[in-house]
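Chemist: Return a 3D structure for these sequence lines:
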Amino acid sequence: MKLYAYWRSSASWRARIALAWKQVPYDYVPVNMLKQEQRQETYRSVNAIGQVPTLELDDGRRLAQSLAILEYLEETIPQPPLLPRDPYQRAVTRQLAEIVNSGIQPLQNTGVLEAIVELGTTREAWARRWIGDGLDALMRTAAPHAGQFLVADTVTIADVCLVPQLYNARRFGLDVARWPLLARIEAACNDLDAFQTAHPDRQPDKQ
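Modeler: Here you go, the predicted structure:
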């Protein structure tokens, strides 16, 4: 497999965690977002929307969008799992993942932040507001279900989404001590090999 990714992209980070969790070997193909490589036609022929990550399978077929990639890996490589067996817990896991994926991340993406600057608002103030609101909601929603991790005591795709999002919260000047449950779970995740392997600082294109 090949993973087209950018070292600090939170969506790319999710895919790296899942691949490491499933112990799937892959070739890393960096896409330099600072040089706008994701918007060039060479990459758009790989991913029409010009975003990372893209996972290219052994047979050349491609998948984009991080949660679609995570679901594919879960369905094709079910062990070790990233979704609970219980249907309700599976739905809760997807709900928590979507709070990050749909409710926070799109509002802090590079393209949105560039547009915000053009409209006269600072990137930092905008990002802090929406990340903060989203993490407030994530913690409230997770609280009844959390154990060692966001959903009971096993790693799920919700945790895969959480860790990169807290990294971004810090990048924009938020103190994650405001969300003690989320910070505790992040620490538990960061003790695991898959999360350590996937960290941005360990990627070949780190700048």
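
Chemist: From here on, just use CA atoms for contacts and neighbour counts.
Modeler: OK.

Chemist: which residues touch the closest residue to Glu124 other than its chain neighbours?
Modeler: Once flanking residues are discounted, Glu124 sits nearest to Phe172: 5.6 Å by C-alpha to C-alpha, 6 or more residues apart in numbering. Neighbouring residues of Phe172 by C-alpha atoms under 8 Å, 6 or more residues apart in numbering: Glu124, Ala127, Arg128.

Chemist: So which of the residues you listed are in helices?
Modeler: The members of the contacts of Phe172 that map onto helices under DSSP state H are Glu124, Ala127, Arg128.

Chemist: circling back: who wins for neighbours among the contacts of Phe172?
Modeler: Comparing the contacts of Phe172 by number of neighbours (other C-alpha atoms under 10 Å), Ala127 comes first, having 25 neighbours.

Chemist: Count residues in the vicinity of the residue nearest to it when sequence neighbours are not counted, would you?
Modeler: Take Ala127 and drop its neighbours on the chain: the residue closest to it by C-alpha to C-alpha, 6+ apart is Gln108, 5.5 Å away. A total of 22 residues lie near Gln108 under the criterion other C-alpha under 10 Å.

Chemist: Identify, from the ones in helices among the contacts of Phe172, the entry nearest to Ile185.
Modeler: Of all the ones in helices among the contacts of Phe172, Ile185 sits closest to Arg128, with 20.9 Å by C-alpha to C-alpha.

Chemist: how far does stretch 105-114 sit from the chain's center?
Modeler: Put simply, stretch 105-114 sits 14 Å off its chain's centre (C-alpha atoms, centre = their mean, to the nearest Å).

Chemist: which other residues reach that stretch?
Modeler: Counting by C-alpha under 8 Å, 6+ apart, Arg123, Trp126, Ala127, Trp130, Ile131, Gln165 sit against stretch 105-114.
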